[in-house]
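Asks: attaching a predicted model along with its sequence, questions to come.
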Amino acid sequence: MLTFLLQMTMVVSLGFIVYLFGRVVPRVSDADIAKAREQSLFHWLVGYLEKVDEWLLSLLEKALRRTRVVILMIDNVVSEKLNRFKKEAERQKGFSLEPKKEEKSEEKEEKV
């Protein structure tokens, strides 16, 4: 228990140090970033990299959506198999959720 308390104290202390460091570090504005891009030797490359990044993000999104659809299809197949197994098990026991033929005829007589 003492080891746990010492570890928690260390983690909290480290978090406090990171918080203080984050407050002291000077902020960088968007104008400074744009100015640095223009002064860079490879400022033309940044535009292409941003386009490639957008393309990769859209490709990843499409892949994840297709993967989700495939997983849902597999889930449907598994659910159908489970239902089929359940019905077969009920038939083997002689138990069925469907009313017997005799019960149907009795229901018709009662309605008339």
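Replies: Thanks, I have it. Remember, it's a predicted structure, so these values are computed and weren't measured experimentally.
Asks: how far does the longest helix along the chain sit from its chain's centre?
Replies: Identified as the longest helix of the chain according to DSSP state H is helix 43-93. How far helix 43-93 lies from its chain's middle: 10 Å, per CA atoms, centre = their mean, to the nearest Å.
Asks: check stretch 29-39 too.
Replies: 36 Å.
Asks: who touches that stretch?
Replies: For stretch 29-39, contacts defined as CB atoms under 8 Å, 6 or more residues apart in numbering pick out 43, 46. (Each C-beta comes from the backbone N, C-alpha and C, glycine too.)
Asks: list the buried residues in that stretch.
Replies: In terms of neighbour count (16 or more other CB atoms under 10 Å), stretch 29-39 has no buried residues at all.
Asks: let's see it as CSV, backbone CA atoms only.
Replies: Presented in CSV, the C-alpha positions along stretch 29-39 are these (Å, rounded to 0.1, in the frame of the first residue of the first chain):
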residue,chain,number,x,y,z
SER,A,29,0.1,32.2,-32.9
ASP,A,30,-1.2,31.1,-36.3
ALA,A,31,0.5,34.1,-37.9
ASP,A,32,3.9,32.9,-36.7
ILE,A,33,3.3,29.5,-38.2
ALA,A,34,2.2,30.9,-41.5
LYS,A,35,5.3,33.2,-41.6
ALA,A,36,7.6,30.2,-40.8
ARG,A,37,6.0,28.2,-43.6
GLU,A,38,6.6,31.0,-46.1
GLN,A,39,10.3,31.4,-45.0
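Asks: what pLDDT, on average, does it get?
Replies: On average, the pLDDT along stretch 29-39 is 72.
Asks: repeat that for stretch 42-56.
Replies: On average, stretch 42-56 scores 83.
Asks: okay, now M8: neighbour count?
Replies: Around M8 there are 10 other residues, counting by other CB atoms under 10 Å.
Asks: quickly find the element holding it.
Replies: Per DSSP states H and E, M8 falls inside helix 2-24.
Asks: for that helix, what is the average pLDDT?
Replies: 89.
Asks: for stretch 76-90, same thing?
Replies: Average pLDDT, stretch 76-90: 92.
Asks: next structured bit after the helix holding M8?
Replies: helix 30-39.
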